[in-house]
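In: predicted model and sequence follow; I will ask about them next.
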Amino acid sequence: MASVRFTVTPTKAEDLPGLSDTSPDLSSRPSNRVHFGSRESVDPSDGLSEAGVANTASGGGGTGTPDHCSIEQGDGNSKISNVYINNSHGVDDDDFYDRNLALFEEEMDTRPKVSSLLSRLVNYTNLMQGAKEHEEAESISDKKKTFKSPQMGTFMGVYLPCLQNIFGVILFLRLTWVVGTAGVLQALCIVFMCCCCTMLTAISMSAIATNGVVPAGGSYFMISRSLGPEFGGAVGLCFYLGTTFAGAMYILGAIEILLMYIVPDAAIFKGDGAAMLNNMRIYGSIFLLLMSLLVFVGVKYVNKLASIFLACVIISIISIYAGALVSTFKEPDFPVCMLGNRTINGHDVVDNQCRKTVLQVSDAAESIYSNATASYENSTAPPTHSPTVVEKTTFLWGHFCQSPELNASCDEYFTSNNLSVINGIPGLASGIITENLWSSYLSKGDVIEKSSLQSSHEAHPASTKHPYVFADITTSFTMLVGIFFPSVTGIMAGSNRSGDLKDAQRSIPIGTILAILTTSIVYLSSVVLFGACIDGVVLRDKFGDSVKGNLVVGTLAWPSPWVIVIGSFFSTCGAGLQSLTGAPRLLQAIAKDNIIPFLRVFGHGKANGEPTWALLLTALIAELGILIASLDMVAPILTMFFLMCYLFVNLACALQTLLRTPNWRPRFSYYHWALSFLGMTICLALMFISSWYYAIFAMVIAGMIYKYIEYNGAEKEWGDGIRGLSLSAARYALLRLEEGPPHTKNWRPQVLVLLKLDEDAHVKSPRLLTFASQLKAGKGLTIVGTVVPGNFLQSYGEALAAEQTLKHLMDKERVKGFVQCIVAQKPREGISHMIQSSGLGGMKPNTVVMGWPHAWRQSEDPQAWKTFINTVRVTTAAHLALLVPKNISLFPSNSEPCTEGYIDVWWIVHDGGMLMLLPFLLRQHKVWRKCGMRIFTVAQLEDNSIQMKKDLATFLYHLRIEAEVEVVEMHNSDISAYTYERTLMMEQRSQMLRQMRLSKSDREKEAQLVKDRNSMLRLTSIGSDDEDDTDGGERDRAASGSSSEHQRRVQMTWTKEKTAHHRSTQSGCSTPEGFRDMLSIRPDQSNVRRMHTAVKLNEVIVAKSHEARLVLLNMPGPPKNTEGDENYMEFLEVLTEGLERVLLVRGGGSEVITIYS
């Protein structure tokens, strides 16, 4: 039997980690690669059939075993062996990977073959709206999921849904009123501006929608992925609110049609004004409840009704055009009664009697005449009596006169003007458009008048008691823009359905732009038709009172006004259902993105994904719009939200185009950044034109949401354009900063905080970062760095863990900055590299903050304090300032403000003014704000302390720093025995630790001997006259220039040769005799002088500042000779003894503060 070997390689989602940014579900169809390799050909008639191989392969893939395995089958035996290169079994490499890719076989887990990548991309399916975003791939399921391939084309998937969403309540209820009020010319201007806004937005949206695969997220998805989570969340919520209020507006429109034109008797509250608003609130709430229940039961019912509602819209629009054409030949009969040039309410014109009086036959005469007529019929002679005609008053007379009698007292305007009847629909050929070209804006309570009719000059203000047609609100051009704009919204319907489209990148641009062109033509032609066919007084009559309560646009419809009435009612109901369906899904998408924490609950819903909680919130917000109860008040609100959404769509397109980001490659090529900016400008202008206070309110809401997401929202990286803009701005700013050194006035501490981590990757001194945050007050550059010991190749994971630890600490302390972790064999080298390489261009650190090695005396490893001194030297060489807080654990946290006390500054030497600037910066923070500031300086014997104090006060005055000033006089005093003993102890310990590596027990013996020697020196030196050589006598001999004394001084520098010689000549320094011999040496005179300075300064500082909240003083520089490093640490310890909180400050060598403005 021939031996057959084959390899089953199950494909995993983890194989493609890099595709998560562009492919949401590459693992939905698992594919198996089966490679056959054999040294002999396979006989088709062999026992191992193709079916058997297929079954084995499918079985291997079905197990989902992550390890690649090779199954060898032959001679009835099978074995499973690993197939990697270091395989001990005899398996050829080409059994697992192709021969041509052997060079890449070790990286195939993270870098798959192109063929497997393409096979997964073919199986990619758009996610439905409400599912996970495309960067979060779904986990692999054992069962193969079947997806229905989207088949919707441009016409059904984009064009018709956009038409249904754009055509709405405003076209049927308010467009005629807009034309009559603004005039044909200004109405054309309003419609053209709004249509230009949506067309430019559609062009920008098409560019964004064709720049890669867009899951069904609509405008929110496009804005958030283009401008980032902050803008996306803010504008997404605004768009959600706009959609929700649109639902309320459509419901109010449906109720208005129902109560005013279909069933007027259904009104619960009779009357106009407030009664009508209450009817709208009650019926609107009922409609909202019914629609919400319908949406809750199932969206499929809404989708089934959508086609019916769309048919209603199309039929209604066709009937308008048909009516306009028919009016050319036959004018519709809609008479309008006019008194002078004032319009009379048609409801008060009974039996079409638009006149003051009518001629009627009297009752008695009518009886006689009827009898005479009857007798005439029975005889051949004609009747001899004629009927008597009497003049009687009409129903209108009673509204203007005090009684129905002819001699009654009547309204003066009624008396001096005649009643006339005009045709409300003169027809297309009447030339009425010449009267309707110009605007006729009215104030609330004004009577609707026809300017071409004659009227008495004795016109008095009309009373609301008279049956005129009044304007219900004050109109203006800006208000009409806000009311009309919702009629052009709805252009996002196509992008919302991208998951159902066969070719979304082709259908969305074509369908959306064609829908906008269609609706724009309909709107513009409707404006002209309304102005050419309908009289101006009827156009300005919002509710059709002049034509007896008929819908104004319905009067033009053919064959009957009921076509428009019924069609508009169902279309507004359908639009309301669409809004209540889309808004909850939009909120659910925002909640599932998890960028706004308090919205997480609205991401949940029913088992089938329906957003139940989001629907409930949407219904509550829509109820607020229902309670407003006025269509004209709700329309400007949603205008603002939609305009803001469109503004940011244009901004996203313009930003991506100008930044030329590599990923910006839209298939739709008919866009330009100038068009996007023009669209953005029009959107902004329309916002403030329609209602400036609504615009400011919407911007404030969006700004609050933006800042909330920025501070409390989840971190999201979506490759947005704002990040690209930030990179461009940062590059520009860095190049500008590089042009020259910063001026003294612009100097601020750019801090590099050096933190140390323990074995468990915990920060040892987190208060260092707290202090840095108090010093910075959120301004300038902050870099937090640490050094991870080891090799970079082996310690990369530890470096990442350390970086995350520092980031969490920065978040806890609310410090804005960057983290830098360096892996180095030695900490001192790592710190040196960090100081040299941190920052970029002009944004380099100028100040280093590091902790004090508090246990350096007890530490068995001297590397801690040696690293500290090396860092001091490196910062000095780099001309950086250095801040060393001592006793950092005692420093206050950000939640522990100092209520009182002082910050004391001990200005001993001038190092660029750091000591003056630091207290000022600290006092900007709430922790140190209530602390006063005191400045102490030291005067020597030859200094004039009084003049120094005056000069210092003047200097602080010019620096604009408020502080108390004190000059401390330090005269030349003799070196005390304590200073000598302290120096001696320091040098003894330093020498012993340097020469020998003592065990812990030997160090205890050393400490006891030093203590005994100390006690002996105190007993013999105090009060002794022979101690002159250590005090004044020593100085006198030194001043006389005696060189013998210099030869007598013991040199404290021990070389290797000297140490070896000492060890060979002595019996052993670990013996008590060796210690006694070493204790007989004399200390170096320079160390004695330095110790004297440290002791004297410490005495003065403790005396003056022992109760200070913080003490700042100059930090002495380290010795140039590294042999005296341990002595330097001792000097610093003595200098700061007895002080609770100390900040050692070392300037960088440049001036950081100036008196000039």
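Out: That came through fine.
In: center of the chain - which residue?
Out: Centroid check for the chain by Cα atoms, centre = their mean gives E230 as the closest residue, at 1.1 Å.
In: you'd agree V421 is in a helix?
Out: No - if the criterion is DSSP: H, G, I helix; E, B strand; the rest coil, then V421 is strand and not within a helix.
In: contacts only, for it.
Out: 335-338, 354 (Cβ atoms under 8 Å, 6 or more residues apart in numbering). C-beta coordinates here come from the backbone N, C-alpha and C atoms, glycine included.
In: which two of the residues you listed have the greatest separation?
Out: Comparing every pair within the contacts of V421 by Cβ to Cβ identifies P335 and M338 as the most remote, at 9.9 Å.
In: which neighbours do those two share?
Out: Common neighbours of P335 and M338 (Cβ under 8 Å, 6+ apart) are 354, 421-422.
In: next secondary structure element downstream of the helix or strand harbouring the residue nearest to the centre of the chain?
Out: Assigned by DSSP states H and E, E230 belongs to helix 218-257. Per DSSP H and E, helix 218-257 leads on to helix 274-297 as the next helix or strand towards the C-terminus.
In: for that next one, buried residues please.
Out: Along helix 274-297, these residues count as buried under the neighbour rule (16 or more other Cβ atoms under 10 Å): 276, 279-285, 287-288, 291-292, 294-296.
In: now do that helix, average pLDDT.
Out: Mean pLDDT, computed over helix 274-297, is 91.
In: what angle sits between the helix or strand just after that helix and helix 274-297?
Out: Following helix 274-297 in sequence order, the next helix or strand is helix 299-329 (DSSP H and E). Put simply, helix 299-329 runs at 130 degrees to helix 274-297, going by axes from the mean of the first three to the mean of the last three Cα atoms, to 10 degrees.
In: strand partners of the helix or strand immediately after helix 299-329 in the chain, parallel vs antiparallel please.
Out: Sequence order places strand 335-339 as the next helix or strand after helix 299-329, per DSSP H and E. Using DSSP bridges, the strands paired with strand 335-339 are strand 342-343 (antiparallel), strand 419-423 (antiparallel).
In: what does the first one contact?
Out: Strand 342-343 is contacted by residues 336-337, 413, 417, 447-450, 455, 462, 468-469, 537, 541, 546 when judged by Cβ under 8 Å, 6+ apart.
In: which among these gets closest to D272?
Out: V469 (11.6 Å).
In: number of nearby residues for that closest one?
Out: The tally of other residues near V469 (other Cβ atoms under 10 Å) stands at 25.
In: so it sits against D348, correct?
Out: No - if you go by Cβ atoms under 8 Å, V469 and D348 don't touch, sitting 10.1 Å apart.
In: what's the burial count for I433?
Out: There are 18 residues near I433, going by other Cβ under 10 Å.
In: could you find the closest non-adjacent residue to it?
Out: A532 (4.1 Å; Cβ to Cβ, 6 or more residues apart in numbering).
In: list the contacts of the one you found.
Out: Counted by Cβ under 8 Å, 6+ apart, A532 has contacts 324, 428, 430, 432-433, 436.
In: same thing but at 7 Å, please
Out: 428, 432-433 (Cβ atoms under 7 Å, 6 or more residues apart in numbering).
In: would you format these as TSV with distance to S832, secondary structure and pLDDT included?
Out: Compiled in TSV, those are given as follows (distance: Cβ to Cβ, whole Å; DSSP: H, G, I helix; E, B strand; the rest coil; pLDDT from 0 to 100):
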residue	distance to S832	secondary structure	pLDDT
L428	89	coil	88
I432	90	coil	91
I433	86	helix	92
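In: show me the domain layout of the protein.
Out: As given by the TED database, the domain ranges for the chain are 153-330+471-690, 746-876, 897-1016+1085-1156.
In: next, the distance between the ends of the first one.
Out: So the one you mean is domain 153-330+471-690. With Cα to Cα, to the nearest Å as the measure, domain 153-330+471-690 spans 37 Å from end to end.
In: wait, which of the strands paired with strand 335-339 is closest to C645?
Out: That would be strand 342-343 among those, by Cβ to Cβ, at 40.0 Å.
In: neighbour count: P335 and M338, which is higher?
Out: Shown here are P335 and M338; by other Cβ under 10 Å, M338 has more neighbours (22 against 17).
In: quick check, the more buried one in contact with S452.
Out: No - with contact defined as Cβ atoms under 7 Å, M338 does not reach S452; the gap is 10.5 Å.
In: what about T478, distance to Q186?
Out: 11 Å (Cβ to Cβ, to the nearest Å).
In: who has more neighbours, the two?
Out: Neighbour totals were compared for T478 and Q186, and Q186 leads with 20 against 16 (other Cβ under 10 Å).
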